[in-house]
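> fold the following, please.
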Amino acid sequence: MKKQLLKSVIVAIFSFSAMLSSFAQQKNTAFKNGEELTFKVSYGFLDAAEAKMKINPYVNTIKSRPVYRIDVTGETLGLFKLFKVNDNWGSYLDTVKIIPHQSYRFIEEGKYRKNERVVFDHDRGTAMMRLYDRENKKVVSAKTYDVPKNVQDIVSGFYLLRTMDLNKYNKGDIITLTGFFDKEIYNLKLIYDGKERLSTQVGDFDTFMLTPIMPSNKLFSGEYPVTIWVSDDQNKIPLKIKAKLMVGSLNMDITKATGLRNN
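Residues are numbered from 1 along each chain as shown. All right, here's what the predicted structure looks like:
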């Protein structure tokens, strides 16, 4: 049960990043280099983990294209360190086209390790995945997959979502999103659930509410167990995630936001 609970912490940390998309190019007015968002993940009254979403302060280049380097990290806290989790999910995101050129996962969960890099070729419609050894030095396997045009990864998809005009949707509308993750093409359906006023540690916000349609599993409870609140402003930052579990509930709440594009 303890291992399943901690796995659900990881799912909650990254569930909002799983909003993967193949939408046409969007103009970005929501975020910039140097943005950093910090979140507290709690189970009941216990602090379970801390998560961060960070855009490197400096713009990098890949194949002469300017890119944001984005890192999403999650680390267990307190009693939950008995099953240590220290994960880093990243993406090199084209600053103009808002598509990933590379992504990576460095996973440390108990004794489990996974070091993976994916190189996207959007002209050819391919994603080349390399798996590295525990020390992240030697390639142990490599394979190329066919992917849809402008496919997103698990981190870049959320940042693309932040560039979208969510005001055009009506309550009950379904947004279908597509992306590449863990050797497969995924489609995720999100229900637009309207707007709500929300108080947080970084201020009070009008928000968009999104409910992903989750596959049946042993961690979550109910037909629509996860709700996501995103700020209804130019930044469109994630503010809160609430997940109903088979036992109790998990909350992810923003605690700090710096380097925002729009103040």
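
> please make it C-alpha for all contacts and neighbour counts, starting now.
Fine.

> give me the low-pLDDT residue ranges for the stretch 1-150 of the chain?
Low-confidence segments of the stretch 1-150 of the chain (pLDDT under 70): 1-26, 45, 78-83.

> how about the helices in it?
Along the stretch 1-150 of the chain, the segments classed as helices by DSSP state H, counting those that start in this stretch run 2-15.

> where do the strands sit along it?
Assigned by DSSP state E, counting those that start in this stretch, the stretch 1-150 of the chain shows strands spanning 36-43, 46-55, 60-62, 65-76, 86-94, 100-109, 112-121, 126-132, 139-146.

> can you say which of these is nearest to residue 212?
Closest approach to residue 212 among the strands of the stretch 1-150 of the chain (CA to CA): strand 36-43, 18.7 Å.

> what angle separates that closest one from strand 46-55?
With axes from the mean of the first three to the mean of the last three CA atoms, to 10 degrees defining the directions, strand 36-43 sits at 160 degrees from strand 46-55.

> for strand 36-43, name the packing helices and strands.
Applying 3 or more CA pairs under 8 Å, 6 or more residues apart in numbering; DSSP states H and E, one finds that strand 36-43 contacts strand 46-55, strand 249-258.

> parallel or antiparallel, which strands does the last one pair with?
On the basis of DSSP bridges, the sheet neighbours of strand 249-258 come out as strand 36-43 (antiparallel), strand 238-244 (antiparallel).

> redo those as JSON lines? Include mean neighbour count and distance to residue 167.
Formatted as JSON lines, the strands paired with strand 249-258 follow (neighbours: other CA atoms under 10 Å; distance: least, CA to CA, whole Å):
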{"stretch": "strand 36-43", "mean neighbour count": "21", "distance to residue 167": "23"}
{"stretch": "strand 238-244", "mean neighbour count": "23", "distance to residue 167": "16"}
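
> got JSON lines for the ones you listed, with distance to residue 75 too?
Converted to JSON lines, these look like this (distance: least, CA to CA, whole Å):
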{"stretch": "strand 36-43", "distance to residue 75": "10"}
{"stretch": "strand 238-244", "distance to residue 75": "17"}
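
> re the thing from before, closest to residue 204 out of the strands of the stretch 1-150 of the chain?
So among these, strand 36-43 is nearest, using CA to CA, at 15.9 Å.

> quick one on the thing from earlier: so for residue 249, which of the strands of the stretch 1-150 of the chain sits nearest?
Comparison of these against residue 249 by CA to CA identifies strand 36-43 as nearest, at 6.1 Å.

> list the contacts of that closest one.
9, 13, 47-55, 248-260 (CA atoms under 8 Å, 6 or more residues apart in numbering).

> tell me how far it lies from the chain's centre.
Counting by CA atoms, centre = their mean, to the nearest Å, strand 36-43 is centred 13 Å from the centre of its parent chain.

> same question, stretch 183-197
Here the centre of stretch 183-197 is set off from its chain's centre by 12 Å, with CA atoms, centre = their mean.

> buried stuff in that stretch?
For stretch 183-197, the neighbour count (16 or more other CA atoms under 10 Å) marks 185-195 as buried.

> mean confidence score for that stretch?
What stretch 183-197 shows for mean pLDDT is 87.

> ok, now stretch 243-258?
84.

> same check on stretch 154-167?
For stretch 154-167, the per-residue pLDDT averages 88.

> and it, end to end?
End-to-end distance for stretch 154-167, by CA to CA, to the nearest Å: 23 Å.

> could you do stretch 222-229 as well?
19 Å.

> got the contact list for it?
16, 207-214, 238-245.

> in it, what's buried?
So, applying 16+ other CA under 10 Å, buried residues of stretch 222-229: 225-229.

> quickly list what the closest residue in space to residue 144 that isn't next to it in sequence is bridged to.
Using CA to CA, 6 or more residues apart in numbering and skipping residues adjacent in sequence, the residue nearest residue 144 is residue 128, 4.1 Å away. In this entry, residue 128 is beta-bridged to residue 119, residue 144, by DSSP bridges.
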